[in-house]
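S.K.: got a predicted structure plus its sequence, pasted below:
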Amino acid sequence: MANLHIDATLHLPLNPDWFTTTDDAIWVTSSRSNVVTQIVAATNQTGLSISVQRPCSGLAVGFDSLWIPSCGSHNLVRADPKTGKVLAEIAAVPAQSEGGITTGAGSVWLVTDKAGILSRIDPSTNKVAATITIPSGSYNPLFADGYVWVTSNEHSELIQVDPVTNSVVTSIPTGKNPRFLTFGEGSIWTLNQGDGTISRIDTRTAKNIANIEAGIPGEGGEITFGFHSAWATLFGFPITRVDAATNKVIEQWVGDGGDSIRAAHGSVWLTNYKTGAVVRFAPEQK
């Protein structure tokens, strides 16, 4: 990645992993250090930190709160991003450490059973308000365009859930073993661990419009959207960039690094899980 314009490099506690963003910061989990750390976007300096036992399964923002699944205390931690104070510990157990969490439609959404249970959490009560049956082996939800979308790693499909009826609308085939997903330019983009492709699903039609050959199969990784591109990361392939106009890989870096990636605050942010580094860079506009 020597040809990238690196704006900042920070070294965080062991194994920085999941990202989320607020208006003024990036937040990063470190599961082996039992902490969630704030990076202030204006200064590229660390700020607040929140103690959470083995934060896992994603990180989300909504309702003036951070939502942090814990694989150590087996619950969902709600914290104030302005103070770092823990506000509540909610009885909702993440189904898997490599799952996810999302906010939207007045709720927080977390898969709480590998057999296929999507839990809807009411932020006004900090309690599970509804559970929705989804296919087994589905772990990663994302709210976009009025629906909750959940990848089914086991069944190689994307599940569309209607928050008005709390029911599954449809299932859309993807590449093999999708897990992480993002939204941009009217589409859900899934990183498919089984065959290394990236699938693009039109949220208006709920149709798979492309399975993009990215050459990045394997466990772990992450995907984000920004700068008219989908950005994926995986150990050994720290950055793969897909142009949304052509559905083709236009840049790929091979080598050390990679694990989580996020486009925010005019930059792309990338973790190196093994070294503890977080880098911030300004991508070339396409």
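M.R.: Sure thing, it's come through.
S.K.: only C-alpha atoms from now on, for both contacts and neighbour counts.
M.R.: Fine.
S.K.: quick one: buried residues of stretch 9-27?
M.R.: Within stretch 9-27, the residues scored as buried using 16 or more other Cα atoms under 10 Å are 9, 12-22, 25-27.
S.K.: my error: substitute stretch 242-255 in the last question.
M.R.: Buried, per 16+ other Cα under 10 Å, within stretch 242-255: 242-244, 247-249, 252-253.
S.K.: state the mean pLDDT of that stretch.
M.R.: Regarding stretch 242-255, the rounded mean pLDDT is 97.
S.K.: ok, and what's touching the helix or strand harbouring residue 250?
M.R.: According to DSSP states H and E, residue 250 maps onto strand 248-253. Where contact means Cα atoms under 8 Å, 6 or more residues apart in numbering, the residues beyond strand 248-253 that reach it are 1, 212-214, 237-243.
S.K.: ok, which pair from the buried residues of stretch 9-27 is furthest apart?
M.R.: 14 and 22 (22.5 Å; Cα to Cα).
S.K.: compute the first-to-last residue distance for stretch 185-199.
M.R.: This stretch, stretch 185-199, spans 14 Å end to end (Cα to Cα, to the nearest Å).
S.K.: and it, what's buried?
M.R.: 187-199.
S.K.: same thing with stretch 169-184?
M.R.: Under 16+ other Cα under 10 Å, the buried positions of stretch 169-184 are 171, 173-184.
S.K.: between the residues you listed, which is nearest residue 81?
M.R.: residue 182 (22.5 Å).
S.K.: now stretch 137-144: mean pLDDT?
M.R.: On average, stretch 137-144 scores 98.
S.K.: measure stretch 76-88 end to end?
M.R.: First-to-last residue span, stretch 76-88, Cα to Cα: 8 Å.
S.K.: how about stretch 61-78: buried residues?
M.R.: For stretch 61-78, using 16+ other Cα under 10 Å, the buried residues are 61, 65-71, 74-78.
S.K.: tabulate those residues (TSV), appending secondary structure and pLDDT.
M.R.: Shown next, in TSV, are the buried residues of stretch 61-78 (DSSP: H, G, I helix; E, B strand; the rest coil; pLDDT from 0 to 100):
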residue	secondary structure	pLDDT
61	strand	99
65	strand	99
66	strand	99
67	strand	99
68	strand	99
69	strand	98
70	strand	98
71	coil	96
74	coil	97
75	strand	98
76	strand	99
77	strand	99
78	strand	99
